[in-house]
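S.K.: sequence and predicted structure are below.
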Amino acid sequence: MNPVHPKKLLLSKWTAVQPQGREKHFLVSALVQPEPPGAALEWVEIEAVHSKRSRRIRWRELRDAAQWRQGWV
């Protein structure tokens, strides 16, 4: 399990263990603010470094070492 806290996610760097569509390196580009305000953070936007494509994932997925490695490896 990758140790990560939601307050430290913004602009953090991640490497996908199994690249999809030749996209391997990602950056957390935005924290999706929950509704209602004050609720726990659930979603983040990650952006592929090479293609600049972004997608929304649950931030807890980044804790799964079988899918993600912290930093750019």
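M.R.: Here it is on my side, so go on.

S.K.: what's the longest strand anywhere in the chain packed up against?
M.R.: The longest strand of the chain (DSSP state E) is strand 23-32. Using 3 or more CB pairs under 8 Å, 6 or more residues apart in numbering; DSSP states H and E, the elements in contact with strand 23-32 are strand 13-20, strand 43-48. Every C-beta, even on glycine, is put in place using the N, C-alpha and C of the backbone.

S.K.: between these, which one is closest to residue 63.
M.R.: Residue 63 lies closest to strand 13-20 among the helices and strands packed on strand 23-32, at 10.9 Å (CB to CB).

S.K.: listing partners with orientation, what would you give for the closest one?
M.R.: Next to strand 13-20 in the sheet, as set by DSSP bridges, lie strand 23-32 (antiparallel), strand 68-70 (antiparallel).

S.K.: pull out the buried residues from the first one.
M.R.: Applying a neighbour-count criterion of 16 or more other CB atoms under 10 Å, one finds 23-28, 31 buried in strand 23-32.

S.K.: the shortest one too?
M.R.: For strand 68-70, a neighbour-count test (16+ other CB under 10 Å) marks 68-69 as buried.
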